[in-house]
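Chemist: I would like to see how this sequence folds:
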Amino acid sequence: MDTFETLREIIATKFDKPLNEITLDATFESLEIDSLDTFDIIFDAEEKFGIKVPNDEVDIKTVSDVVALLDRLRAAQGK
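Modeler: Next comes the predicted model:
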């Protein structure tokens, strides 16, 4: 399961954003997604990938930050 594509689908569906706007370099600010919504995205990703994201790990600004975090946790948690 590709982390970036899965994350794009979560964001596009949840916030009605066109896929072409959701790039690795896109910031959540540019996508008009606030910090509470970011936690919602993380929660959905946790369910999708079967992982747990520690609260102190959620210091993210871009889509790429989330992909890197999820990939690292997936590897560490064997998912």
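Chemist: in contact with Gly50, which residues?
Modeler: Gln77, Lys79 (C-beta atoms under 8 Å, 6 or more residues apart in numbering). Quick note: C-beta positions are derived from backbone N, CA and C, even for glycine.
Chemist: separation between it and Ala12?
Modeler: Going from Gly50 to Ala12 by C-beta to C-beta, to the nearest Å gives 21 Å.
Chemist: Phe43 too?
Modeler: Taking C-beta to C-beta, one finds Phe43 at 17 Å from Ala12.
Chemist: quickly find the element holding the residue most central in space within the chain.
Modeler: Central residue of the chain (C-alpha atoms, centre = their mean): Val66, 4.5 Å from the mean position. Using DSSP states H and E, Val66 sits in helix 63-76.
Chemist: tabulate the CA atom coordinates of that helix in CSV.
Modeler: Extracted C-alpha coordinates of helix 63-76, given in CSV (Å, rounded to 0.1, in the frame of the first residue of the first chain):
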residue,chain,number,x,y,z
VAL,A,63,2.1,16.3,3.1
SER,A,64,5.7,15.0,2.8
ASP,A,65,6.2,15.3,6.5
VAL,A,66,3.2,13.0,7.1
VAL,A,67,4.3,10.5,4.5
ALA,A,68,7.8,10.3,6.1
LEU,A,69,6.3,9.9,9.6
LEU,A,70,3.9,7.2,8.4
ASP,A,71,6.6,5.3,6.5
ARG,A,72,8.9,5.4,9.5
LEU,A,73,6.2,4.2,11.9
ARG,A,74,5.0,1.5,9.5
ALA,A,75,8.6,0.2,9.3
ALA,A,76,9.1,0.4,13.1
